[in-house]
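Engineer: Sequence and predicted structure below; questions after.
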Amino acid sequence: MVTTLSADRLAELQDDDEEFALVDTRPEDSYESWHVSGALHFPFGPEEELDGRLEEFEELVGDAERVITICAKGLSSGNLATRLESATDAYDVQTVDGGMKGWSGVYDHVEVDIGGARIVQVQRRAKGCLSYVVGCESTGEAVVVDPTADTDEFAVAAEEADLSIVGVVDTHVHADHVSGGRQLADEFDVPYYLGDRAEERDVEFEYAPLERNEVIEVGERELKAVAAPGHTGEMINLLVDDRALLTADTLHVDSTGRTELEFSDDEGERGARMLYETLHRTILAEPESVVVLPGHVTVTADGEFSHGSPGEAIATTIRDARTGIDVLDLEEEAFVDRMADAGEKPSNYEEIIDRNRGALELPPEDRVELELGPNNCSA
């Protein structure tokens, strides 16, 4: 009988450089757009028989003795694993429980040392979402910033850091993933914050509005709301003790956020002009030593982080951003033109926005389906 392994265990095997062949059985378009790092492609149906394809499979995996199969939900990959086990004893075969759905829920918790505040970067490996637990070691209080819908991850991250959650902040109405902000705040019975311009997005959840330069005190630590429109109109960034800036989708380590997901009527031009001003008059005006902690890192179609690796802090500084990100060298008109060609939009982004405004209710299984696919929030 074919055994299964969890997506978390698959991540551990990758991190430990274990030897195995990971075989993705999904259709070509799904594989090409988004797959686990190192996965080989062998399209196979949920009811297909191996027939004369064993030689093709053997050629694909080479000398591998251990084979792990994966698909969208575990159906076709489980079928392939079963057929292989019946056809040959050459391989130790396993399949990933829940497939890419399970992989979408793999997280890493990474401590970020800025001196002073205790910050845990919660990395969602498959999507590149970066969330934060920002706390005060003296009092043990913490605020969670931009949590995903896997709210248990943030409870665990806070507990591991000996912190108690006293507030939750969403920097903006996310378009690439379902937010867990309102849910997490309800679970802990703590305030849920958005920027004060969130009313312009017709947010239907109850929230505490953060005005420009308003400060959330977290024990002895201070988080200041920095107005940062561009990616969205209500976007805020959070300045932690004047040492670190949580930039969400305003500024990433190697790019900026795109601007046409909200401002689609003019291909993002209005948002691009706002973002240009935000970047040059607000973000890059911070001291060069300020650490930039973004809300996303791009995950390539090959499943790799475009910058750094899972389990390592994804960060830069104001100085390194200014000197190392080409788009920040552009004049305004060239910047606006660049933003108009931001590439493929995130999957199902309009429905995700409606869910994150509170205008659309989704059962958990539909939430996972809605989010499947690559993250495309960078320009």
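Structural biologist: Cool, the structure landed.

Engineer: quick one: low-confidence parts of the stretch 251-379 of the chain?
Structural biologist: Where the stretch 251-379 of the chain drops to pLDDT under 70, the residues are 374, 376-377, 379.

Engineer: Where do the strands of it begin and end?
Structural biologist: 291-294, 316-317 (DSSP state E, counting those that start in this stretch).

Engineer: middle-most residue in the protein, spatially?
Structural biologist: Centroid check for the chain by Cα atoms, centre = their mean gives residue 129 as the closest residue, at 1.4 Å.

Engineer: hey, where'd the helices end up in the protein?
Structural biologist: When assigned using DSSP state H, the helices of the chain occupy the ranges 7-15, 28-33, 54-61, 75-87, 99-103, 152-160, 181-188, 269-277, 318-324, 332-339, 349-357, 364-371.

Engineer: Just the buried residues of the third one, please?
Structural biologist: Read that as helix 54-61. Of all the residues in helix 54-61, those buried under the rule 16 or more other Cβ atoms under 10 Å are 57, 61. Every C-beta, even on glycine, is put in place using the N, C-alpha and C of the backbone.

Engineer: contacts for that helix?
Structural biologist: 21, 23, 40, 42, 50, 67, 84, 87, 88, 90, 91 (Cβ atoms under 8 Å, 6 or more residues apart in numbering).

Engineer: Pick the most deeply packed of the strands of the stretch 251-379 of the chain.
Structural biologist: Most buried of the strands of the stretch 251-379 of the chain, by mean neighbour count (mean count of other Cβ atoms under 10 Å): strand 291-294, with a mean of 24.

Engineer: Starting from it, tell me which strands it pairs with and how they run.
Structural biologist: Its sheet considered, strand 291-294 pairs with strand 244-248 (parallel), strand 316-317 (antiparallel) by DSSP bridges.

Engineer: Kindly reformat those strands as JSON lines and extend each row with distance to residue 210.
Structural biologist: As requested, the strands paired with strand 291-294 are arranged in JSON lines below (distance: least, Cβ to Cβ, whole Å):
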{"stretch": "strand 244-248", "distance to residue 210": "13"}
{"stretch": "strand 316-317", "distance to residue 210": "24"}
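
Engineer: Indicate which one of the ones you listed is closest to residue 285.
Structural biologist: strand 244-248 (11.0 Å; Cβ to Cβ).

Engineer: For the closest one, which outside residues touch it?
Structural biologist: 112, 114, 117, 119, 132, 134, 145-146, 171-172, 226, 228, 231, 235-240, 257, 283, 286, 290-295, 318.

Engineer: what sits against residue 321?
Structural biologist: Residue 321 neighbours (Cβ under 8 Å, 6+ apart): 251, 253, 284, 292, 328.

Engineer: Narrow those residues to just the buried residues.
Structural biologist: Using 16+ other Cβ under 10 Å, the buried ones in those are 251, 253, 292, 328.

Engineer: Which residue is the nearest non-sequential neighbour of residue 202?
Structural biologist: residue 357 (6.0 Å; Cβ to Cβ, 6 or more residues apart in numbering).

Engineer: Neighbours of the one you found, how many?
Structural biologist: 16 (other Cβ atoms under 10 Å).
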